[in-house]
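Participant: Coordinates only, no sequence provided:
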DNA sequence: CGCTAATCTAGAACAAGTTTCAGACTGGAT
DNA sequence: ATCCAGTCTGAAACTTGTTCTAGATTAGCG
């Protein structure tokens, strides 16, 4: 059940894998400076040493590219979190800790965060599979933090709500409409749902 | 404190007000068919009987235009809700009812919903004031449903989280990644936060 | 009424995402 | 080693959001 990347299509040759990585690297690089708008397809192609048409063969749109970039970054974060799991007492605390940590990571690269999150929420149906992958990784991270083997449907819904809050709070922060403090408060608030949906809650 | 529209700039003449309305109407019309991408600035201008430059004078970008369209629609909804307030017993129930009702309204015009919500979450800093207005109206709607005069900071945070969930859940539905049922469940789930943050909760 | 500043129009021009195409290149099968 | 199919390149073309310009219209004012 580990959420890995490519289930479909022909396996890539070494050179192709290298190209793909160069593209993703260029994307993250450009995003790290100016954010969403700074990721211009022509520039990504040039920086990755690849023709424009090739870029589009690998990633059929700018949104696809940025969502893939996010997948990449999330994988890193997931791996890192496995090595240093949150230490809190109860599940709600651990989830909040984890999200705060992720939030701090994003604060270090606000432009990159901007590009990735904007792409993620702007994605239309044609990007659903990729966005879904991102969502699955995020869910896995949260469930890991909760330490649950077999979450109840109720708990899964709570996790979904946490994800909703996480994404939307990030957006309000990125667009300058909410402060860092407010985002932290909102994360803390939504994590209470974990306690509310504890299976031991009902008589 | 009623969230009205235009606090700034010179008051518009009658013809100008009419133009503005024609533009918003054309925008909603086109959005109602093909969604976000169907709202093309040239078409909006033509349908509204206005030059492209004029359209841009009234709304400095497509995002501004669609966010303004959303403001407009939300005002309607707010007014309607005042006439037929939710009838539930407790605040959480009333808020859930209200959001479900709004959700049903959006389901009737999924393309319009798509255009408005995508614009809202894609908006960058240059649209912050307008997005903030939308947010204030939404908050007002939720607070009305709760029936609170002086919400505590905790409750305001819960309302923010509800809004986050509302927007993000809409996005997952619009992009076909969540079913209507799932959105309803998530709304119900997040509304539990209202009970958790009742002031009578603490000793 | 006649003037002036602001606004509006029509249309060209520009920017960035996306598509297309002809030709060069690569990898694998015979 | 040769050939085929698929891939990559470079460049142009197309689309749609956005900007700009020159000339007509309009609104407000003396």
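Facilitator: Yep, it's here. Note that the coordinates shown come from a computational prediction; the quantities given were computed from them, not determined experimentally.
Participant: wait, doesn't residue A:159 sit right on residue A:139?
Facilitator: Yes. Counting by CB atoms under 8 Å, residue A:159 touches residue A:139, with 5.9 Å between them. C-beta coordinates here come from the backbone N, C-alpha and C atoms, glycine included.
Participant: Have a look at these two and say which one is more surrounded.
Facilitator: Neighbours per residue (other CB atoms under 10 Å in any protein chain shown) separate residue A:159 from residue A:139, with residue A:159 holding more: 24 against 17.
Participant: how much space is there between the more buried one and residue A:93?
Facilitator: Residue A:159 is 15 Å from residue A:93, where distance means CB to CB, to the nearest Å.
Participant: same check, this time on residue A:193
Facilitator: Taking CB to CB, one finds residue A:193 at 13 Å from residue A:93.
Participant: So for the two, which sits in the more crowded spot?
Facilitator: Each of residue A:193 and residue A:93 has its neighbours counted (other CB under 10 Å); residue A:193 has more, 25 against 17.
Participant: Which of the helices or strands spans the residue nearest to that one when sequence neighbours are not counted?
Facilitator: Nearest residue to residue A:193, sequence neighbours excluded (CB to CB, 6 or more residues apart in numbering or on different chains): residue A:158, at 4.3 Å. Following DSSP states H and E, the helix or strand that holds residue A:158 is helix A:153-174.
Participant: right, and the helix or strand after that helix?
Facilitator: Using DSSP H and E, the first helix or strand after helix A:153-174 is helix A:180-196.
Participant: Report the buried residues of that next one.
Facilitator: Neighbour-count burial for helix A:180-196, counted by 16 or more other CB atoms under 10 Å in any protein chain shown, picks out A:182-194, A:196.
Participant: Could you tell me the angle between that helix and helix A:153-174?
Facilitator: 180 degrees (axes from the mean of the first three to the mean of the last three CA atoms, to 10 degrees).
Participant: Which residues does stretch A:108-119 contact?
Facilitator: A:28, A:31-36, A:38-39, A:62-63, A:65-67, A:69-70, A:73, A:106-107, A:167, A:170-171, A:174, B:122, B:124 (CB atoms under 8 Å, 6 or more residues apart in numbering or on different chains).
Participant: So which of those residues are in helices?
Facilitator: A:28, A:31-32, A:62-63, A:65-67, A:69-70, A:73, A:106-107, A:167, A:170-171, A:174, B:122 (DSSP state H).
Participant: Below-threshold pLDDT in chain A: ranges please.
Facilitator: A:1-10, A:199-203 (pLDDT under 70).
Participant: Quick check: residues of it near chain B?
Facilitator: Contact residues (CB under 8 Å from any CB of the partner chain) of chain A with chain B: A:36, A:118, A:121-125, A:127-128, A:131-132, A:135, A:154, A:157-158, A:160-161, A:163-165, A:167-169, A:171-172, A:175-177, A:182, A:185-186, A:189-190, A:192-193, A:196-197.
Participant: List only those of those flagged as buried.
Facilitator: Counted by 16+ other CB under 10 Å, the residues of chain A next to chain B give A:36, A:118, A:121-124, A:127, A:131, A:135, A:154, A:157-158, A:160-161, A:163-165, A:167-169, A:171-172, A:175, A:177, A:182, A:185-186, A:189-190, A:192-193, A:196-197 as buried.
Participant: picking that back up, same for the helix holding residue A:158, what does it pack against?
Facilitator: helix A:91-108, helix A:110-122, helix A:128-146, helix A:180-196, helix B:153-174, helix B:180-196 (3 or more CB pairs under 8 Å, 6 or more residues apart in numbering or on different chains; DSSP states H and E).
Participant: Compute the inter-axis angle for the last one and helix B:128-146.
Facilitator: Okay, so that is helix B:180-196. 70 degrees.
Participant: the inter-axis angle of helix B:180-196 versus helix B:91-108?
Facilitator: Using the same axes, to 10 degrees: helix B:180-196 against helix B:91-108 is 150 degrees.
Participant: where's helix B:180-196 relative to the chain centroid, distance-wise?
Facilitator: When distances are taken as CA atoms, centre = their mean, to the nearest Å, helix B:180-196 is centred 18 Å away from the chain's centroid.
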